[in-house]
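A.B. asks: Give me the fold of what follows.
(one chain, ligands or ions: 2)
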Amino acid sequence: MTDSTAKGRATWRDYYEMCKPNVVYMMLVTAMIGMFMAVPGMVPWEVLLYGNVGIGLCAASAAAVNHLVDRRIDLVMARTQNRPVAQGRIDTLHASIFALVLGLAGMAMLLIKINALTAWLTLASLLGYAVVYTLWLKRATPQNIVIGGLAGAAPPLLGWTAVTGEIHGHALLLVLIIFAWTPPHFWALAIARKEEYAKVDIPMLPVTHGVKYTALQILLYTLILFAVSLMPFATGMSGSLYLLGAVVFGAGFIYWAIVLMRGKNPKAPMETFKYSLIYLLAIFVIMLADHYLLPAVTIYELGA
Ligand code: HEM
Ligand SMILES: CC(C)=CCC/C(C)=C/CC/C(C)=C/COP(=O)(O)OP(=O)(O)O
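C.D. replies: Numbers count the residues shown, from 1 in each chain. Ligands and ions are numbered 1, 2, ... in the order given. So this is what the prediction gives:
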């Protein structure tokens, strides 16, 4: 059943926007670094190419489902009101076909060119975001993005299994870092957009528990994230260059969480949100540089 309200013809840009490209690109950075961290040497180009395209297509499929499911609330929120499905430029039939084709193409690429474990873990992430988070958690609980965050945190594990065909503790550590990073990343934005979420009855934490409580939770998670981010060094997975990066950028995140808590800077919510993106990119890139530039120096060796 196509929406009779469809206005204007959709362009390729509209379909591209449905994929949440900037989010997917950042996820693929973490997936690629998961690939490089899985092996001491270089990653075969086929795994880099087919693994990232497959994971990216599946993530884009999940993002497209999110546009489709959220089209009514997206139309009400200022931040999302111009989205193509919300505006009716892409009707629900075309949006559904687009999401299905992306998902099938991504799964086929992973099953044929990579391995079954990576394909099924990617499908679980796709469904985790498109169904568990978008269709259920987002509308059910203020903990929606904490639980739903696991789907978005999966890419480094997907990259790791694409290379090795197995799950490893170090890969789960990378997932844990993004899992702990997600609440401060999103709740800072949710504080800035609190009134919009209240209008559409989405139980985001600032709406159900207030800004002060949310800011306190953000500070708590940045402290947890700081501790978790030291574990790649403590386990010998990464060396002192990574440790330096995790401490410096982690301190920056805690700084912004404190500024947000004090509530004196009206720009703090969006500055904290923007900083969260700088943080994630920085510690993953520094981890990669450390992986190739400096041998891992564990606390054990330092202590020996
Ligand atoms: C459940 C988990 C997550 C939630 C609820 C969430 C929420 C959001 C929201 C609401 C935005 C603003 C989007 C917009 O206004 O268009 C956003 C932006 C963004 N998020 Fe997240 N996010 C999550 C996980 C992630 C993960 C895991 C990554 C990457 C590894 C990520 C990367 C980004 C990027 C790069 C942007 C900027 C997008 C842009 O400027 O177009 N997010 N996030
Ligand atoms: C296969 C795989 C790795 C799947 C992960 C898919 C994926 C794109 C996760 C994105 C996380 C995210 C930006 C959630 C925001 O959704 P929202 O509905 O809260 O944000 P919105 O209001 O901006 O739409």
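
A.B. asks: Kindly report the residues of this protein close to ligand 2.
C.D. replies: Counting by Cβ under 6 Å from any ligand atom, the chain comes close to ligand 2 at 20, 23-24, 27, 58-59, 62-63, 66, 70, 80, 122, 125-126, 129, 134, 151-152, 154-155. Just so you know, the C-beta spots here come from the backbone N, C-alpha and C atoms, and that holds for glycine as well.

A.B. asks: show me what contacts Leu150?
C.D. replies: When contacts are counted by Cβ atoms under 8 Å, 6 or more residues apart in numbering, Leu150 touches Ser125, Gly128, Val175, Phe179.

A.B. asks: what about it, which SS state?
C.D. replies: helix (DSSP: H, G, I helix; E, B strand; the rest coil).

A.B. asks: what pLDDT does Gly8 get?
C.D. replies: The per-residue pLDDT reported for Gly8 equals 71.

A.B. asks: Equivalent analysis for Leu260, please.
C.D. replies: You'll see Leu260 listed with a pLDDT of 98.

A.B. asks: remind me which residues of the stretch 1-150 of the chain are low pLDDT?
C.D. replies: Filtered on pLDDT under 70, the stretch 1-150 of the chain yields the residue ranges 1-7.

A.B. asks: again, only using 80
C.D. replies: Applying pLDDT under 80 to the stretch 1-150 of the chain flags residues 1-8.

A.B. asks: Get me the contact residues on it for ligand 1.
C.D. replies: Residues of the stretch 1-150 of the chain lying near ligand 1 (Cβ under 6 Å from any ligand atom): Asn22, Val23, Met26, Met27, Thr30, Arg79, Tyr133, Ile145, Gly148, Gly149.

A.B. asks: rerun that using 8 Å as the cut-off
C.D. replies: With Cβ under 8 Å from any ligand atom as the criterion, the stretch 1-150 of the chain meets ligand 1 at residues 20-23, 25-27, 29-30, 79-80, 129, 133, 144-145, 148-149.

A.B. asks: Tell me the buried residues within these.
C.D. replies: For those, a neighbour count by 16 or more other Cβ atoms under 10 Å gives the buried set as Lys20, Met26, Met27, Val29, Thr30, Thr80, Tyr129, Tyr133, Asn144, Ile145, Gly148, Gly149.
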